[in-house]
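[1] got a predicted structure plus its sequence, pasted below:
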Amino acid sequence: MTGPADDAPLDLAAAYALGALSPEETRRFEAFLATSPDAQREVAEYREVAALLALGDGEPAPGPALRARLMARLGQPQKPRRPWLALAASLLLVLGLGAALVLARRRLASLETQLASQTETLGRTRDQLVQRENTLNAILDPGVQLFQLTATGDPEPGIQLFWNRAQHHAIVHGYRLKPVGPGQAYQLWFIQDGKPVPSVTFKPQANGSASVGQVPVPTDGTVSAAAITVEPEAGSAQPTSPIVLVGTLQKS
């Protein structure tokens, strides 16, 4: 029966690279290793395989040249195959399977990321559709009246104010509104009993449109008109700039 001590010194390269030799066998092989370029090359090759396996996730399979040399070495006629040479072959197989598994995991992660992004986009689109449907239903409510706020002598820009008198709220829709400066916004005012009552602030989008829903309308007096001014973004208690859009709110 043969063991590591019976092997030709070069046959111990794989076991040495994988740390499978006893201390005495290691000392004996290292003495041989210092004088044998072939042994030094084989140890380097086996260590490269072991290192690739240890690195795992981030590394590819062994290069073709290294794989060919190792497989040629394993295929050479020799004594009955040693456990450490079989282990080296197993390392090549495991490393190849590991690389395929890593690639599959990366592809799965990429698909999961794409799916998450698409799901998020789908969710936003669904929310927008629900919001638009709710707005449309609110506008088409039989109790809603439409009023127009315009600039003096200028048909555009404009504000459409949909007032639901029964529910005491309004929907504000602006179109072709001019941009406002940094820190500024448009502010809606209801004229109640001849006095301005502050309401919501809003900024137009890049295309000049704006939409605000569920705007409370004062109920403890007579609301006769609505107006728009440009105010600080947080809003003002009283108008601080000239009226840019105005319209009456009278029952039909």
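    Great, that's in hand.
[2] quick check: domain ranges of the protein?
    Domain ranges of the chain: 4-102, 144-248, per automatic domain parsing.
[3] in terms of mean pLDDT, which of these ranks lowest?
    In terms of mean pLDDT, the lowest-scoring of these is domain 4-102 (a mean of 66).
[4] give me the number of residues near residue 175?
    With neighbours defined by other CB atoms under 10 Å, the count for residue 175 comes to 15. For glycine as for every other residue, the C-beta is placed from the backbone atoms N, C-alpha and C.
[5] partner residues bridging residue 223?
    Judged by DSSP bridges, the bridge partners of residue 223 are residue 192.
[6] how close does it get to residue 239?
    16 Å (CB to CB, to the nearest Å).
[7] so between those two, which is more surrounded?
    Regarding residue 223 and residue 239, a neighbour count based on other CB under 10 Å identifies residue 223 as having more, with 20 against 16.
[8] how close does the more buried one sit to residue 208?
    The span separating residue 223 from residue 208 equals 27 Å under the rule CB to CB.
[9] same check on residue 123?
    Residue 123 sits 27 Å away from residue 208 when distances are taken as CB to CB.
[10] who has more neighbours out of those two?
    More neighbours surround residue 208 than the other of residue 123 and residue 208, with 14 against 10 (other CB under 10 Å).
[11] hang on, isn't residue 160 packed against residue 177?
    No. When contacts are counted by CB atoms under 8 Å, residue 160 is not listed as touching residue 177 (11.8 Å).
[12] those two: who's more crowded?
    Counted by other CB under 10 Å, residue 160 and residue 177 do not tie: residue 177 has more neighbours, with 22 against 17.
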